[in-house]
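# Task: produce atomic coordinates for the following.
(2 chains)
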Amino acid sequence: MKRDLILRVVAKVFLPFLLMFALYVQFHGDFGPGGGFQAGVIIAAAVVFYALIYGLANARRVVPERLVEAMMAAGVLLYMGVGFAGLLLGGNFLDYFVLDRDSVVGQHRGIFWIEAGVAITVSGVMLKIFYMFADRGRIDE
Amino acid sequence: MIINVLLVLMAVAVVVLARVRNLFSVIVLSGLYSFLMATVLVALDAVDVAMTEASVGAGISTVLLLGALHLCKSEEAKPVHKPWLPLAVSAACGLLLVYGTLGLPAFSDPGAPIHTHVAPRYLQDGPRETGIPNVVTAVLASYRGYDTLGEVTVVFTAGAGVVALLRRRRARKEQPK
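Next comes the predicted model:
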């Protein structure tokens, strides 16, 4: 689909909205439906869309394989880091009440970071699986 | 009413899925099935789950399955054995599950155990304790933070498994060069 002008132009227009929607789903999860899992998948879908229209090599340049691999682990580590932060501040593992003097603010802070961790890991894993599948096809051909 | 229509459509989709031999149709049909499921979940007021079903079940899995499809043949191979034994086993399991549902409390029964155990506490104290209006997020991220950590670890492990499997194949292929 690399040479299809209409698809390329439409994709370029759509991508910012896709990413913006992912961020909306991520940060509006406190008030409406959404959260890290859904936002992570939407981010991954946006990059997959880019890869389908502009080719795998260009997608690799925008989101390098190394970054994707690091994201897979970084999300889980961030999540566990929030857990250990609770321990260090004198609470239990994954206790958000101690993250701030005001317990409600502490809850917000904890949930914000663990949702970020979820989104990072989910989008990293989805992209990595896509890259590996798409890559194998190209090598076999 | 609308749920029953959707469930009938899903049953039709499953029957067609089982009969179709072209794998591309199978993938498109399972995406369709996921979208129907997501609509059922919206009708049941479970918007968060519906969103996950639509984005994961219908969106990214369809893309990943299509990616896997272009690595293999697009027609399903003819089964070696007759499917009667597996069919009987799955029919028996299905009947057993249906029998199990007869013992469940009625749909949206306020006296059901799930509505009397910890749910009232989440609904009453959740917004005050966490300051988050969406109870689903409060439960998922705060009260059930351990479970969600487990889920994220499962996703990570699945990704690591795929990397380990596919990467070894490629290394072996490069050795003869």
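# Quick one: low-confidence residue ranges for chain A.
Low-confidence regions of chain A, defined by pLDDT under 70, span residues A:1-2, A:137-141.
# what about the strands in it?
Using DSSP state E, chain A contains no strands.
# anything in the helix of greatest length in it near chain B?
Longest helix in chain A by number of residues, with DSSP state H as the criterion: helix A:103-140. Yes - Helix A:103-140 lies in contact with chain B when judged by C-beta under 8 Å from any C-beta of the partner chain; the contacting residues are A:103-105, A:107-108, A:110-111, A:114-115, A:117-118, A:121-122, A:124-126, A:128-130, A:132-134, A:136-137, A:139-140. Any C-beta I mention is one placed from the backbone N, CA and C, and that applies to glycine too.
# In that helix, which residues are buried?
Along helix A:103-140, the positions that meet the burial threshold by neighbour count (16 or more other C-beta atoms under 10 Å in any protein chain shown) are A:104, A:106-136.
# residues touching residue 49, list them.
Since no chain was named, I'll use chain A. Taking C-beta atoms under 8 Å, 6 or more residues apart in numbering or on different chains, we find residue A:49 in contact with A:11, A:14-15, A:18.
# let's do chain B instead
Contact analysis of residue B:49 by C-beta under 8 Å, 6+ apart lists residue B:41.
# any idea which element it lies in?
Mapping residue B:49 onto the secondary structure by DSSP states H and E places it in helix B:47-52.
# pLDDT (mean, whole number) over that helix?
pLDDT averaged over helix B:47-52 equals 89, rounded to a whole number.
# contacts for the following helix or strand past that helix?
If you walk from helix B:47-52 toward the C-terminus, the next helix or strand you reach (DSSP H and E) is helix B:61-69. The contact list for helix B:61-69, computed with C-beta under 8 Å, 6+ apart, reads A:45, A:48, A:126, A:129-130, A:133-134, A:137, B:23-24, B:27-28, B:30-31, B:34.
# Quick one: distance of helix B:61-69 to the chain centre.
Offset of helix B:61-69 from its chain centre (C-alpha atoms, centre = their mean, to the nearest Å): 16 Å.
# What angle do helix A:103-140 and that helix make with each other?
For the pair helix B:61-69 and helix A:103-140, the angle between their directions (axes from the mean of the first three to the mean of the last three C-alpha atoms, to 10 degrees) equals 20 degrees.
# List the buried residues of helix B:61-69.
Of all the residues in helix B:61-69, those buried under the rule 16+ other C-beta under 10 Å are B:61-67, B:69.
# Looking at those, which gets the smallest pLDDT?
The weakest per-residue confidence within these falls on residue B:67 (82).
# quick revisit: what's the closest of the buried residues of helix B:61-69 to chain A?
Closest to chain A out of these is residue B:67 (3.7 Å), distances taken as C-beta to the nearest C-beta.
# Give me the distance between the closest one and residue B:60.
The spacing between residue B:67 and residue B:60, counted by C-beta to C-beta, to the nearest Å, is 10 Å.
# And for residue A:91?
In this structure, residue A:91 lies at 35 Å from residue B:60, with C-beta to C-beta as the measure.
# and what of residue B:153?
Residue B:153 sits 19 Å away from residue B:60, taking C-beta to C-beta as the criterion.
# Who has more neighbours out of those two?
In this comparison of residue B:153 against residue B:60, neighbours counted by other C-beta atoms under 10 Å in any protein chain shown, the higher total goes to residue B:60 at 22 against 14.
# shouldn't that one be in contact with residue A:47?
No - contact criterion C-beta atoms under 8 Å: residue B:60 and residue A:47 do not qualify, at 10.9 Å.
# which residues touch residue A:59?
Contact analysis of residue A:59 by C-beta under 8 Å, 6+ apart lists A:47, A:50-51.
# Mind doing that once more with 6 Å?
Residue A:59 makes contacts with A:50-51, as judged by C-beta atoms under 6 Å, 6 or more residues apart in numbering or on different chains.
# tell me the angle the longest helix anywhere in chain B makes with helix A:103-140.
Among the segments of chain B that qualify as a helix by DSSP H, the longest is helix B:145-174. Per the same axes, to 10 degrees, the angle that helix B:145-174 makes with helix A:103-140 is 20 degrees.
# Could you single out the nearest of the contacts of residue A:49 to chain B?
Of all the contacts of residue A:49, chain B sits closest to residue A:18, with 11.4 Å by C-beta to the nearest C-beta.
# So which elements touch the longest helix of chain B?
Based on contacts counted as 3 or more C-beta pairs under 6 Å, 6 or more residues apart in numbering or on different chains; DSSP states H and E, the elements that helix B:145-174 packs against are helix A:65-88, helix A:103-140.
# Pull out the buried residues from it.
Neighbour-count burial for helix B:145-174, counted by 16+ other C-beta under 10 Å, picks out B:145, B:148-149, B:151-152, B:155-156, B:159, B:162-163, B:166.
# Kindly report the residues of chain A close to chain B.
Contact residues (C-beta under 6 Å from any C-beta of the partner chain) of chain A with chain B: A:29-31, A:33, A:35, A:37-38, A:41, A:45, A:48, A:72, A:76, A:79, A:94, A:104, A:107, A:111, A:114, A:118, A:121-122, A:125-126, A:128-129, A:132-134, A:136-137.
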